[in-house]
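**Student:** sequence isn't available, so here's the structure alone:
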């Protein structure tokens, strides 16, 4: 009868040294239930997709003063970044004089950090929401940055907070992008892809829509709320995310759309496939509706 493989006994983030201190051998670290993140960071394979666990593992061998930043900080703050593929590397910001290098499990950014830029989130040193926004401005396209900005405003960060952060780094990479996005930002946006659509409208020079516009019939009864609307032209645009594929939601959408059309509204509905696959056609359709 074959010998049953003995588990590694690794229960959390570890380095080779901390594993040895816990009585875990080199051989056990090579078992299938352990994933090696980089040269000297290990995790149980069951925790490999858990971001806090990966952050904790990376910080075990990070230099003193390293701070979780950029996209990783955004996730810890609960911010979704559209138009980006999900990576597994943890983003860290270190001092400009640090000689630490990137590894498979970490991306290193070198930038000055003041005490005002750093706080703690879920037990980790992390850039503040406004500093995270300024860092992301250096790497994100405007549409994705607008989605981040909308979410930050919705969670309590203010335009003044972001303007103050921008004043600390008024030039250099991302500064022009940040300035372009701020006037368009709106906390009423209800999804990141809705924000992406708004940026496409803005870049195309179309009139600014009203967000979450309530539409009522002649008797004052609420028919529904539009993601984006131009009430003076009776045009509305809806972004349909995954939830709109659920049967009950889909049926309600159809009934509401019929009521809106009967009330004289032009209703346009788009999905992620439209925004990602044919953005020029989306803008052309909205432009034609607004010109009718």
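**Tutor:** Everything's here; your move. Small disclaimer: the values here were computed from a predicted structure and weren't measured.
**Student:** drop to CA atoms for contacts and neighbour counts, all remaining ones
**Tutor:** Fine.
**Student:** got any ranges where this structure has weak pLDDT?
**Tutor:** 1-8, 242-251 (pLDDT under 70).
**Student:** for it, which strand is longest?
**Tutor:** Criterion DSSP state E: the longest strand present in the chain is strand 222-230.
**Student:** next one: that one to chain centre, how far?
**Tutor:** Centroid separation for strand 222-230 versus its chain: 25 Å, with CA atoms, centre = their mean, to the nearest Å.
**Student:** against which helices or strands is that strand packed?
**Tutor:** Here strand 222-230 touches strand 210-216, strand 235-239, helix 247-262, going by 3 or more CA pairs under 8 Å, 6 or more residues apart in numbering; DSSP states H and E.
**Student:** looking at the ones you listed, which is nearest to residue 287?
**Tutor:** Closest to residue 287 of the helices and strands packed on strand 222-230 is strand 235-239 (CA to CA; 10.3 Å).
**Student:** so the closest one versus strand 222-230, what angle?
**Tutor:** Relative orientation of strand 235-239 versus strand 222-230 (axes from the mean of the first three to the mean of the last three CA atoms, to 10 degrees): 100 degrees.
**Student:** and strand 235-239, what does it pack against?
**Tutor:** Helices and strands touching strand 235-239, by 3+ CA pairs under 8 Å, 6+ apart, are strand 222-230, strand 266-270.
**Student:** what pairs with it, parallel or antiparallel?
**Tutor:** Neighbouring strands of strand 235-239 in its sheet, by DSSP bridges, are strand 222-230 (antiparallel), strand 266-270 (parallel).
**Student:** need those in JSON lines with distance to residue 193, can you?
**Tutor:** JSON lines is the format used below for the strands paired with strand 235-239 (distance: least, CA to CA, whole Å):
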{"stretch": "strand 222-230", "distance to residue 193": "11"}
{"stretch": "strand 266-270", "distance to residue 193": "10"}
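**Student:** which of those sits most buried?
**Tutor:** For the strands paired with strand 235-239, the largest average neighbour count (mean count of other CA atoms under 10 Å) is found in strand 222-230, namely a mean of 18.
**Student:** now the angle from that one to strand 210-216?
**Tutor:** 150 degrees.
**Student:** now stretch 137-145: buried residues?
**Tutor:** Across stretch 137-145, burial judged by 16 or more other CA atoms under 10 Å covers 137-138, 140, 142-145.
**Student:** no, scratch that, I was asking about stretch 254-272
**Tutor:** Neighbour-count burial for stretch 254-272 flags 257, 260, 265-268, 271-272 (criterion: 16+ other CA under 10 Å).
**Student:** just the terminal-to-terminal distance for it.
**Tutor:** By CA to CA, to the nearest Å, the extent of stretch 254-272 from end to end equals 19 Å.
**Student:** surely residue 94 and residue 114 touch.
**Tutor:** No. Counting by CA atoms under 8 Å, residue 94 does not reach residue 114; the two are 11.5 Å apart.
**Student:** so those two - more neighbours on which side?
**Tutor:** The neighbour count for residue 94 versus residue 114, taken as other CA atoms under 10 Å, is higher for residue 94 (22 against 8).
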